[in-house]
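# This is a predicted model, with the sequence first.
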Amino acid sequence: MKVKERIWILVDPLNCSGCRLCEVACSLKHEGNIWPEASRIRVFEFVPGINIPHTCVQCHDYPCVQVCPENALSVDEKTGAVLVDVEKCTVCGECIRACPGNVPRILEAKDHVIICDLCNGDPECVKACVEAGYNALRLIEKPPNYTRKTYAVDPYYKAVLLAKNIYGDKEVL
């Protein structure tokens, strides 16, 4: 599955204030109202003061797309984002189980899975974060040496690693 041009949202949790403007901007773009629960990016705070923005990192092998029994997920050839065909999605949850980062979600009010589509190459979450001056999210070209083992991990695990880095190897969680 080759993609001509791939972009990526680089997340720097050390710059994240926890303001959640990214969630607001995303939900406004995709839902037409402020509904952070339906945002395609989520900010988690497992440790006080350590905020972990979390969204799809477009794994090189797209395990979510590969396991979808209905072919409801595809890859945008321009951006590399995972796209959801809402007509085909049966909310079976296979994509959720396959995702190493626990990114796709099913909301009770939705009849399909939700996942970041990179806003067709111009992510609202990144714009909101940059405009606010935090720069915890930046749009970059996907690094050639990217491995999903580095970036596509559960947000809780990211929080543990960051807390240990900041506070030392103490029991923080």
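Yep, that arrived.
# after the lowest-mean-pLDDT helix or strand in the chain comes which helix or strand?
Ranked by mean pLDDT, DSSP states H and E, the weakest helix or strand in the chain is helix 148-151, scoring a mean of 64. Going down the chain from helix 148-151, the next helix or strand is helix 155-167, by DSSP states H and E.
# And Leu137, how far from Cys92?
Applying C-beta to C-beta, to the nearest Å, the value for Leu137 to Cys92 is 30 Å. (Each C-beta comes from the backbone N, C-alpha and C, glycine too.)
# Between the two, tell me which one has more neighbours.
Leu137 (23 against 15; other C-beta atoms under 10 Å).
# tell me the contacts of the more buried one?
Leu137 sits next to 9-12, 22, 41, 53, 123, 125-126, 129-130 when contact means C-beta atoms under 8 Å, 6 or more residues apart in numbering.
# Kindly write the PyMOL command that selects the buried subset of these.
Selecting only the buried entries of the contacts of Leu137 in PyMOL, with 16 or more other C-beta atoms under 10 Å as the criterion:
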select buried, resi 9+10+11+22+41+53+123+125+126+129
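# Keep only those of the contacts of Leu137 that are in strands.
Residues of the contacts of Leu137 located in strands (DSSP state E): 9-11, 53.
# now for those residues, which pair is the farthest apart?
Leu10 and Pro53 (10.2 Å; C-beta to C-beta).
# that's a helix at Gly80, yeah?
No - assigned with DSSP: H, G, I helix; E, B strand; the rest coil, Gly80 falls outside any helix and is coil.
# Now do the same contact list for the residue nearest to it when sequence neighbours are not counted.
By the measure of C-beta to C-beta, 6 or more residues apart in numbering, the closest residue to Gly80 outside its immediate chain neighbours is Arg6, 3.6 Å from it. Contact partners of Arg6, counting by C-beta under 8 Å, 6+ apart, are 58, 79-80, 141-142.
# Could you report the pLDDT at Arg6?
What the model reports as pLDDT for Arg6 is 82.
# Against which helices or strands is the host helix or strand of Val43 packed?
Using DSSP H and E, Val43 falls within strand 42-47. With contacts taken as 3 or more C-beta pairs under 8 Å, 6 or more residues apart in numbering; DSSP states H and E, strand 42-47 sits against helix 21-31, strand 50-54, helix 155-167.
# Can you list the strands that the shortest one pairs with?
Taking DSSP bridges as the criterion, strand 50-54 pairs within the sheet with strand 42-47 (antiparallel).
# For Pro48, see how far away the residue nearest the centre of the chain is.
For the chain, Thr55 is the residue whose C-alpha lies nearest the centre (C-alpha atoms, centre = their mean; 0.9 Å). Distance of Thr55 to Pro48, given as C-beta to C-beta: 22 Å.
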